[in-house]
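Asks: everything below, folded, please.
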Amino acid sequence: MQRKKIDYSNEHIKYLKLKKTDKITTILAQIFLLITIIALWELLTQLKVLDPFFWSSPSRMFKTLFDMISSGSLFEHIGITMAETILGFIIATALGYFIAVLLWWSEKLRKILDPYIVVLNALPKIALGPIIIIWVGAGMPAIITMCILICVVITTLSMLSAFLSCDKDKIALMRSMGANKFQILFKLILPNALPEFVSVLKINVGMSWVGTIMGEYLVSKAGLGYLIVYGGQVFKLDLVMASTLVLCLLACVMYLFVGILEKKVRKK
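Replies: Numbering: from 1, shown residues only. Model prediction:
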C-alpha cells in the first residue's frame with residue numbers, strides 16, 4: 001500500500017527549513033562553546049594563570065584517561081559504577097511506581113503514610129550512610145541501597161501526583177459505565193500518567209548517579225566515585241577531573257536513551 005504524498009505549502013516548507021537551521025545552529029553553538037571552554041582552560045594553565053596542580057588541564061586529563069585505558073583499569077571502574085547505577089535506577093523506579101499505585105488505590109493508606117514519606121523525602125540520605133552499611137554491609141549492596149533511597153521517594157511522590165491529577169469526570173464516566181477500580185487503574189490512570197512517568201525517568205537518571213557516587217564516597221574500593229575520592233585524598237586533580245568527565249559522559253548517554261523513549265511515547 002503506497003503512502004499518500006502530502007503537498008506542503010511554500011510557507012510550511014520555509015518554516016520546516018527554518019526549524020532545521022535553528023536546530024543545527026544550536027548544536028554548532030553548543031559544540032563551539034565546549035571547544036572554547038576547553039581551549040581557554042588549556043591556555044590559562046599553560047600560561048600559569050591557573051595553577052595546573054589545583055585546576056588540572058584538558059591535556060593532563062586526557063593523558064590520565066589514556067593511561068587508564070591502556071592499563072584497562074578505567075573500564076573496570078566504569079563497569080562497577082554503571083552496574084550500581086542501572087540496578088539502583090531500575091529498582092528505585094519500579095518500587096516507587098508500585099508504592100504510588102498502592103497509595104492511589106488506598107486513600108486510608110495514603111493518609112497514614114503521607115507524613116512519613118514527607119519526612120523521608122526531607123531527610124538528607126547521606127545521614128543514613130552508617131546505618132545502611134551496618135544493615136546491608138559494605139560494598140555494592142550499600143551503594144545500591146543509597147541510590148534506591150534517593151530515587152524511590154521522588155518517584156513515589158511524582159507518580160502519585162500524576163495518578164491523583166487524572167480528570168475526575170473521566171473517572172466518574174467509567175464508574176457510571178460499570179468499570180471497577182482495577183479497570184479504571186489500567187484503562188485510565190496508568191495511561192494518563194505515562195508522560196509523567198517518562199519525566200520521572202529523566203529525573204531519576206540524574207538522581208541515580210548522585211546516589212551511586214554518594215554511596216561510593218562512603219564505602220567503595222572501586223568505581224568512578226572511588227577514583228574521585230582517592231584522587232582528592234592524594235591531590236591527583238588530573239584523576240579527579242578525568243573521572244568526573246567520564247561520569248558526565250555516561251550520565252549523558254543514559255539520559256539520551258531516556259530521551260529516545262520519550263520520543264516514542266509522544267508518537268503514540
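Asks: show me where pLDDT drops low in this protein?
Replies: 1-9, 266-268 (pLDDT under 70).
Asks: domains in it, by residue range?
Replies: In terms of domains, the chain is parsed into 10-50, 61-267 (source: automatic domain parsing).
Asks: list the contacts of the closest residue to residue 164 other than its chain neighbours.
Replies: Sequence neighbours aside, residue 104 is the residue nearest to residue 164 in space, at 6.7 Å (criterion: Cβ to Cβ, 6 or more residues apart in numbering). C-betas here are computed from N, CA, C, even on glycine. Shown in contact with residue 104 (Cβ atoms under 8 Å, 6 or more residues apart in numbering): 110, 160, 163, 164, 185, 189.
Asks: just residue 206 next, same as before
Replies: Residue 206 touches 251, 255, counting by Cβ under 8 Å, 6+ apart.
Asks: that one: which element?
Replies: helix 194-218 (DSSP states H and E).
Asks: tell me the gap between that helix and the middle of its chain.
Replies: Its chain's C-alpha centre and that of helix 194-218 lie 4 Å apart, by Cα atoms, centre = their mean, to the nearest Å.
Asks: repeat that for stretch 21-34.
Replies: Relative to its chain's centre, stretch 21-34 lies at 24 Å (Cα atoms, centre = their mean).
Asks: send the alpha carbons of that stretch over as CSV?
Replies: Provided in CSV are the C-alpha atoms of stretch 21-34 (Å, rounded to 0.1, in the frame of the first residue of the first chain):
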residue,chain,number,x,y,z
THR,A,21,18.5,25.5,10.5
ASP,A,22,17.8,26.7,14.0
LYS,A,23,18.4,23.2,15.4
ILE,A,24,21.7,22.9,13.5
THR,A,25,22.8,26.4,14.7
THR,A,26,22.0,25.5,18.3
ILE,A,27,24.1,22.3,18.1
LEU,A,28,27.0,24.1,16.5
ALA,A,29,26.9,26.8,19.1
GLN,A,30,26.9,24.2,21.9
ILE,A,31,30.0,22.5,20.3
PHE,A,32,31.7,25.8,19.8
LEU,A,33,31.1,26.8,23.4
LEU,A,34,32.5,23.5,24.7
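Asks: quick check: residue 45 touching residue 54?
Replies: No. If you go by Cβ atoms under 8 Å, residue 45 and residue 54 don't touch, sitting 9.9 Å apart.
Asks: the more surrounded of these two?
Replies: A direct count of neighbours by other Cβ atoms under 10 Å for residue 45 and residue 54 places residue 45 higher, at 20 against 9.
Asks: residues near residue 222, how many?
Replies: 16.
Asks: now it: closest residue in space, sequence neighbours ignored.
Replies: residue 80 (4.9 Å).
Asks: now the helices for the protein?
Replies: 10-46, 52-55, 58-71, 73-105, 107-122, 129-136, 140-164, 168-176, 181-184, 190-192, 194-218, 224-233, 237-267 (DSSP state H).
Asks: how far away is the residue nearest to residue 222 from residue 73?
Replies: Between residue 80 and residue 73 the computed distance is 11 Å (Cβ to Cβ, to the nearest Å).
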